[in-house]
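Visitor: A predicted structure for the sequence below; I have some questions about it.
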Amino acid sequence: MKNKFGKVIGINGNMISVAYEGNAIMNEVGYVHVNDKKLKSEVIRIRGNRAELQVFERTSGIGIGDKVDFTGELLTVQLGPGLLGQIFDGLQNPLPELARQCGFFLERGVYLSALPKEMKYEFNPRVKAGQTVKRADILGTVAEGLFTHRIMVPFYLYDTYTVDSIAKKGVFSIRDEIAVIKDSHGKKISLSMVFSWPVKRPIDAYAQRLKPSEPLITKVRIVDTLVPVARGGTYCIPGPFGAGKTVLQQITSRHAEVDIVVITACGERAGEVVETLREFPELIDPRTGKSLMERTIIICNTSSMPVAAREASVYTGVTLAEYYRQMGLNVLLLADSTSRWAQAMREMSGRLEEIPGEEAFPAYLESVIASFYERAGVVRLKDGTTGSVTIGGTVSPAGGNFEEPVTQSTLKVVGSFHGLSRERSDARRYPAIHPLESWSKYQGPVNKRKTDWVRELLFHGNEVDQMMKVVGEEGTSLEDYIVHLKAEFFDSVYLQQNAFDPVDAATTAERQRYVFDILLKILIADYKLNDNDDARSFINQLRQKFLDWNGAEWKSQEFLKIEKEFLNFVFEKSTQSEDDVDERLQKMFS
Amino acid sequence: MRKVYSKIEQIVGNVITVKASEIKYGELAEVHSAHGMSLAEVIRMNEDLVSLQVFSGSRGISTGDEVRFLGNPMRVSFSDNLLGRIFTGGGKPRDKGPELLENMIEIGGPSVNPAKRIIPRNMIRTGIPMIDVFNSLVESQKLPIFSVSGEPYNELLARIAMQAEVDIIILGGCGLKYDDYLFFKETLEEGGAMSRAIFFIHTAADPVVECLQVPDLSLAVAEQFGLQGKRVLVLLSDMTNFADALKEIAITMEQVPSNRGYPGDLYSQLAARYEKAVDFEGAGSVTVLAVTTMPGDDVTHPVPDNTGYITEGQFYLRNGRIEPFGSLSRLKQLVNKNSREDHRALMDGMIKLYALYQETLEKKAMGFRMSEWDKKLLKYGEQFESGLMHLSVNIPLESALDRGWQILAECLTPEETGLRTELIKKFWPKQELSATDGKDQTK
Ligand SMILES: Nc1ncnc2c1ncn2[C@@H]1O[C@H](COP(=O)(O)OP(=O)(O)OP(=O)(O)O)[C@@H](O)[C@H]1O
Ligand SMILES: [Mg+2]
């Protein structure tokens, strides 16, 4: 395609207006020439022979009349082996390599290849010459760390092709030709292990989309037990500042039972990403015995990095996630924070002088958010295997008030809502997910009838709390007071979880089911308690033992010892025997 | 020689527009009027119309005044000669010293590559238990003090600056009261710290556009010292004034406001400044302590709200003390694991109990009977406030931890604390343990 040119006729913040001749393409990439640099930009509006571009860099120094190249191509990412373990900015620039070339600061106008050609992999062909192939069909495989990485027919090739030649088993650089295929007109296309795909277009090269049904175990008890997430599902974590959104995502990124995690740090603090990128290489994933970094991709476009690239970063993240889903893997995309992405859209919309919607967000906010979360899903691939992309986004509502456009638009489309509450985080009840306000449409690892029973207890406990605020403890019956204590007890030993304790930080589904059943016994049993003080002291002691239990390694000596100890303690005080209670539970939940 | 223009097309608010060519975005110009010279910065260009914000304001500027473009963006001189000096928000000397023109560096430069940052690891000890124990300040942290006007926030800022072990202190005053400026100057002089300090001061009486430059000037200089291996502490007071200056310009430029008149990019603007806080791999660091006054004591006001989403926690100053709720140091876990083994547990446990105390206070205010447990909590809360919370308390971290255990032991039994048994075994003060044991038996 012949390159087009234009020239700058206006500058307003990170938006430039460009006069051009011929055709312009919506969302095509352009480069503005400033001194000896070329700054990457994207066309975001076309009117007459004037196009508006958002510049993915600082715009200082641009002048009227500066030249702009139009590439005719949309904003794309490179897909191929070697993405895992990397740290990219929102435009897929590898940050460590950028640091090697430019030092401490992010120099503008430097764009590096996400997958440098020096990378080599051993290629194992899966097709023979003469075979017919279509988009996303597997041409061969390479081993990328822990995973079998499928080298596929690029997704942008929509024709039916015959394999003209295919490389033999052997080590190739990722840019070497590994296959030549012929389209229906006989035109030959040379393929390497790498190809590009536009980030704003979902990868749809699968056979069928399925309903998310399997739980995604995060090992955060309150999530898995009360507001579960499904593989291929979506969830959001809105919460005021400092309530624990990022910490929750960090622990999820470590412990979640998925193959690959893509972390998108979108417009948040650089320091938080640094923790991840410095610690992950050192942390061993218990599932694989390898470093966590080997299953992680970090997209990092933090708050002081250019705003337009921030807008792109969530798309870059989800596109990489979709790509690995095509390998038959379960991928989790964590985006922190989707509000910053929405704000980036708001900034551009303001510069374009579009008619603003609520809180000056653009009118299309809701549909853009919906189509982003729509990119999650479980899919059956053409070879019959399945893969999934799960999306979890944090939301940072202004003033911590969920009645705002980004939270509301998100709630309309997600399958699970983990609302963080200021009261809970102030009281250091972490993770500060509000157990009664949050919800999930998915099925978790613990029997729903059991969790519903506990939810009922929490609800009742909350009612008693409210009442006690009015009538005081003395106006509360012992019976109600015990409900209050039981709800409090469940909250403090089960819903709250110490993210910094090596054992407590992650609870497997097996342990959750086990502990939950024991808790049910305790909560269902009746006790000989004389008065409120007696009741509180009993629960306090029990809580103490339970917290020690939470810190004990699963099924260790200590674990068994503490369990025995407090069960004895419980059934000494109970009016029923343990067997009676077991029987009652049996009846209730079988 | 750069072009000079002598026809101003439009003057709105503090923004003037001239017809000019070959101008670069962000470039500076001098505006010469009957009242002297002021710098101005290019903030929008449309064809040949160039809009500039005038640092000293547009009052008295005539359409016939001269605008002389300088061909470079806003810069500041950087060298050790800055130490001990005081400048305006326009970068001009405010003291009697000479103007510095050597080694000019750009302000508001690019951000640090996240891959070149390191995890902060050094606690900055302040002797204030509400900080050291409950919300440790960490080298390279960015942290605001949220406060209503009238609270002693500048005193707190100065006190931390004087106690902190840092190499260089930079004070950026945004709309600072003249008295407060003198207070900082005197405090640092008396403490012998002025020779390692640099002030960029915009006072309430100075032109508002200059206020916008103060954080960038301060941070650009801090960054350079940081790269030279220095540990720099930047104090910014008050960032709400900075945000209000942004608002003023945004409204002048007819930007659609997002929230209470503030521009939609308030978050990005504030973040661009706060994110300059950094621990450089193999060099020094920049720590940023700022003041954010909360109009109407409302944390959900756009300025404190956006700030809270950017910074690594906040100290909430109310009634002359740092509130445990609302206050947060997000970096504390990076340093409190290496201080003392009981630090974390005690920090969480004591705050949980203090939260219960607050509930009890509410019950008491409503006239409910106080149970035994309530009475214990009341005692605990009072001791906590006087022994640890009051700003007059000035003790090292370790003593503060010991005092915490002391308070717990005087008010509660071990299992009422919610702390793990192993810690209690190790740290529970001995005499009190037997005392409470006895009490339990009498029940
Ligand atoms: N699960 C947890 N366990 C212990 N401490 C926690 C937990 N979650 C949050 N915290 C504490 O709260 C602080 C703030 O949490 P976090 O950074 O996750 O908040 P956030 O909701 O992401 O805020 P922001 O919107 O400003 O980014 C943490 O630095 C930590 O001190
Ligand atoms: Mg966060």
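Guide: Sure, I can see it. Ligands and ions are numbered 1, 2, ... in the order given.
Visitor: name the element the residue nearest to A:E177 when sequence neighbours are not counted belongs to?
Guide: Sequence neighbours aside, A:S190 is the residue nearest to A:E177 in space, at 5.0 Å (criterion: CB to CB, 6 or more residues apart in numbering or on different chains). Backbone N, C-alpha and C define where each C-beta goes, glycine included. In this structure, A:S190 sits in strand A:188-191 according to DSSP states H and E.
Visitor: The nearest residue in space to A:P228 that is not next to it in sequence: what's it in contact with?
Guide: Distances taken as CB to CB, 6+ apart place A:G444 nearest to A:P228, at 2.9 Å, with adjacent residues excluded. Shown in contact with A:G444 (CB atoms under 8 Å, 6 or more residues apart in numbering or on different chains): A:P215, A:D224, A:T225, A:L226, A:V227, A:P228, A:T451.
Visitor: Return the residues of the stretch 101-250 of chain A in contact with ligand 2.
Guide: Contact residues (CB under 5 Å from the ion) of the stretch 101-250 of chain A with ligand 2: A:K245, A:T246.
Visitor: Let me know the secondary structure of the single nearest residue of the stretch 101-250 of chain A relative to ligand 2.
Guide: Closest contact between the stretch 101-250 of chain A and ligand 2, by CB to the ion, is at A:T246 (3.1 Å). The three-state assignment at A:T246 reads helix, by DSSP: H, G, I helix; E, B strand; the rest coil.
Visitor: how many neighbours does it have?
Guide: The tally of other residues near A:T246 (other CB atoms under 10 Å in any protein chain shown) stands at 23.
Visitor: Tell me the pLDDT of it.
Guide: Looking at A:T246, its pLDDT is 93.
Visitor: re the thing from before, would you agree the residue nearest to A:P228 falls within a strand?
Guide: No. Checked against three-state DSSP, A:G444 lies outside a strand; its state is coil.
Visitor: Roughly how far does it sit from A:R221?
Guide: When distance is defined by CB to CB, to the nearest Å, A:G444 is 10 Å away from A:R221.
Visitor: next one: B:Q163
Guide: Counting by CB to CB - B:Q163 and A:R221 are separated by 41 Å.
Visitor: Over to A:R375?
Guide: 29 Å.
Visitor: For the residue nearest the centre of chain B, name its beta-bridge partners.
Guide: Nearest to the geometric centre of chain B sits B:A290, at 1.3 Å (CA atoms, centre = their mean). The partner list for B:A290 in beta bridges (DSSP bridges) reads B:P144, B:L236.
Visitor: Report the contact partners of it.
Guide: Here B:A290 is in contact with B:K142, B:L143, B:P144, B:I145, B:L235, B:L236, B:S237, B:D238, B:M239, B:Y274, B:T307, B:T311 (CB under 8 Å, 6+ apart).
Visitor: how about a cut-off of 7 Å?
Guide: B:A290 makes contact with B:P144, B:L236, B:S237, B:M239, according to CB atoms under 7 Å, 6 or more residues apart in numbering or on different chains.
Visitor: For burial, what's the neighbour tally of the spatially closest residue to B:M366 that is not a sequence neighbour?
Guide: Distance criterion CB to CB, 6+ apart; nearest residue to B:M366, sequence neighbours excluded, is A:G472 at 7.2 Å. By the criterion of other CB under 10 Å, A:G472 has 18 neighbours.
Visitor: Dihedrals phi and psi, A:G472?
Guide: Taking degrees, to the nearest 10, you get phi 80, psi 170 for the backbone angles of A:G472.
Visitor: That one touches B:F368, doesn't it?
Guide: Yes. In this structure, A:G472 is within contact of B:F368 by CB atoms under 7 Å, at 3.2 Å.
Visitor: what's the most centrally placed residue in chain A in contact with, if anything?
Guide: Of all residues in chain A, the one closest to the mean position by CA atoms, centre = their mean is A:L334, 1.6 Å from it. Counting by CB under 7 Å, 6+ apart, A:L334 touches A:Q249, A:T252, A:S253, A:V261, A:I263, A:T264, A:G392.
Visitor: can you do 6 Å?
Guide: Residues counted as contacts of A:L334 (CB atoms under 6 Å, 6 or more residues apart in numbering or on different chains) are A:Q249, A:S253, A:I263, A:G392.
Visitor: Out of these, which two sit at the greatest distance?
Guide: A:I263 and A:G392 (10.4 Å; CB to CB).
Visitor: what's the weakest-modelled helix or strand in chain B?
Guide: helix B:430-442 (a mean of 46; mean pLDDT, DSSP states H and E).
Visitor: which parts of stretch A:99-114 are buried?
Guide: Using 16 or more other CB atoms under 10 Å in any protein chain shown as the test for burial, stretch A:99-114 gives A:A99, A:C102, A:F104, A:F105, A:L106, A:R108, A:G109, A:Y111, A:L112, A:S113, A:A114.
Visitor: now, among the residues you listed, which is nearest to ligand 1?
Guide: Of all those, ligand 1 sits closest to A:L106, with 21.4 Å by CB to the nearest ligand atom.
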